[in-house]
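>>> sharing a model that was predicted from the sequence below.
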Amino acid sequence: MVDVTSLVSSVKGEVITPGHPDYESAIARWARNAERKAGLVVCVKNAEDVAQAIAFAKANDLPIAIRGGGHNAAGASSSDGGLVIDLHQHLRQVRVDVEKRLGYVGGGAVWKDVDVEAIKYGLATVGGTVNHTGVGGLTLGGGYGWLSGRHGLTIDNLVQVTIVTADGSVLTANETENTDLFWAVRGGGGNFGVVTEFVYRLHPQRKTVFAGFIVFTPDKLEKLVEVTKKWWDNVKADDEAMIQVVGAPHGHPVVAACLFYNGSEEEGRANFKEFYDLGPVKDDAKEIPYEELNSLHGHSVDHGKCFYLKGVCFKYPDVNSISEVLEKSEELSKRGDFTTGMMFEYFPLGKANGVPISATAFRRELGSNLLTLITWDGFPEKTEEARNVASGLIDIIMKGPGALTKSQQGYTNYGHDTDFPPEYSLAAPTVDHAAQKSEAAFASNYPRLQAIKKKYDPANIFNRWFPITPA
């Protein structure tokens, strides 16, 4: 075990090693199968602590992972035997500048921290639809949310970052300072350093919205798809969005629609009248405080279970392929091995895709996100089996006319482990296979990312998420 005496004396935060009473909680993650036995965890209190932790890891040849919200199901925020820089313990502050409509957010905050603080002043930004997701991972990977129709991606509302790079420099990156770095972090993930503070543009937001789930039985699927297509063709980008979930919880196949309307309950129900006319068997949608919006999915994806995520893109729903997914989900649920869910995201994309592809590192999509989520209790070693289940369900959708080609890789934050081979350790993903996935993920922006990577992290010490090979 590495001697941490010098590190303990040089940082203001805590250094936690195996045997420490807080060790198990320090390596715990949202997904149990994402947990790794770290060599040490440094709970940093400021950017200088981060720089010291990076220097220590380099001096002792330790792999580095960065823990913000700890919400990556593949283990990107964990390291087997390495050093974890934990931002979540101390860097969760949120400060709102009401006059300038800016939110200053610590790198370890989760979206609940932001939503709750900003709405006190009638303000909001584009945050994750699960509010215990960390701001860091979601932002650096692009960021879709309920407000994307009105305000674009999370990165389109990012004004500035404070980032600690591989050589220990603490830099400010924005549209006028370190502009290449600012370009790279807007979609390029944690490949360029450790972000200790994000600054977001905030927008006026009403204090209540209409949102919640309505549930349909499978016999309504064909009509639901028809109504959805009609609604999607005429969607009001500024005011509405929807996520439809297909699955078979407890062996009972259902299709649920999580509705969102940025207005009153009366306006929302009128807006979604054609969906209500189909006769949902359950209606939980109502007018709620805005800060509760991103908690609606929380109960189904709470901490402590095992998760596998895989994302692709789709153009429109297809009734035949969705029916087949329902049948397969029912079969899997009755076997008791896994709970499956396919989430079709209907976030208006005009604002997001109106930004030029070259304006940020994020590869803008033409299609909507489809997330396949596999959940199970215990036994993290079942991840490979879950991967196969997810691939099988996705293959069903891919056969349908509403799918994009499988080569059009989905949203990077839904990439799970970027499909590393089963025999490949996630401890330091720098092999050629990972580089190929990264090249596909960033497409035409990849060469520029490689050049920036060479400038700021030539030794590739930040390599836990779609790792970029330096030019």
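Received it, and whenever you're ready, just let me know what you need. What you see is a predicted model; the values in this text were computed from it and never measured.

>>> quick one: buried residues of stretch 22-31?
For stretch 22-31, the neighbour count (16 or more other CB atoms under 10 Å) marks 23, 26-27, 29-31 as buried. C-beta here means a position set from N, CA and C on the backbone, and glycine is covered the same way.

>>> quick one, what contacts residue 55?
Neighbour list for residue 55: residue 168 [criterion: CB atoms under 8 Å, 6 or more residues apart in numbering].

>>> just say helix, strand or coil for it.
Of the three states, residue 55 takes helix according to DSSP: H, G, I helix; E, B strand; the rest coil.

>>> so residue 216 sits right up against residue 281, yeah?
Yes - using CB atoms under 8 Å, residue 216 is in contact with residue 281, at 6.7 Å.

>>> the more surrounded of the two?
Between residue 216 and residue 281, counting by other CB atoms under 10 Å, residue 216 is the more crowded of the two (20 against 10).

>>> doesn't residue 373 fall inside a strand?
Yes - judged by three-state DSSP, residue 373 forms part of a strand.

>>> in which helix or strand would I find residue 309?
Residue 309 belongs to strand 306-314 when assigned by DSSP states H and E.

>>> adding pLDDT and distance to residue 13, write the buried residues of stretch 22-31 out as TSV.
Converted to TSV, the buried residues of stretch 22-31 look like this (pLDDT from 0 to 100; distance: CB to CB, whole Å):
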residue	pLDDT	distance to residue 13
23	98	15
26	98	11
27	97	16
29	96	19
30	95	22
31	94	25
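
>>> looking at the residues you listed, which are in helices?
Those of those mapping onto helices are 23, 26-27, per DSSP state H.

>>> sorry, back to before: ok, of the buried residues of stretch 22-31, which one's closest to residue 454?
Of all those, residue 29 has the smallest distance to residue 454: 31.0 Å, by CB to CB.

>>> list the contacts of that closest one.
35, 70-72, 75, 77-78.

>>> from residue 88, how far off is it?
When distance is defined by CB to CB, to the nearest Å, residue 29 is 10 Å away from residue 88.

>>> quickly list what's touching both of the two.
By CB under 8 Å, 6+ apart, the residues touching both residue 29 and residue 88 are residue 70.

>>> kindly export the strand holding residue 309 (C-alpha atoms) in PDB.
Taking C-alpha atoms only, strand 306-314 is exported to PDB below (Å, rounded to 0.1, in the frame of the first residue of the first chain):
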ATOM      1  CA  CYS A 306     -27.100  -2.900 -10.200                       C
ATOM      2  CA  PHE A 307     -27.700  -1.100 -13.500                       C
ATOM      3  CA  TYR A 308     -26.700  -1.500 -17.100                       C
ATOM      4  CA  LEU A 309     -27.400   1.400 -19.600                       C
ATOM      5  CA  LYS A 310     -27.300   1.400 -23.300                       C
ATOM      6  CA  GLY A 311     -28.400   4.300 -25.600                       C
ATOM      7  CA  VAL A 312     -29.300   4.500 -29.300                       C
ATOM      8  CA  CYS A 313     -31.300   7.000 -31.300                       C
ATOM      9  CA  PHE A 314     -34.600   6.700 -33.000                       C
END
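
>>> next SSE after it?
Counting by DSSP H and E, what follows strand 306-314 is helix 319-335.
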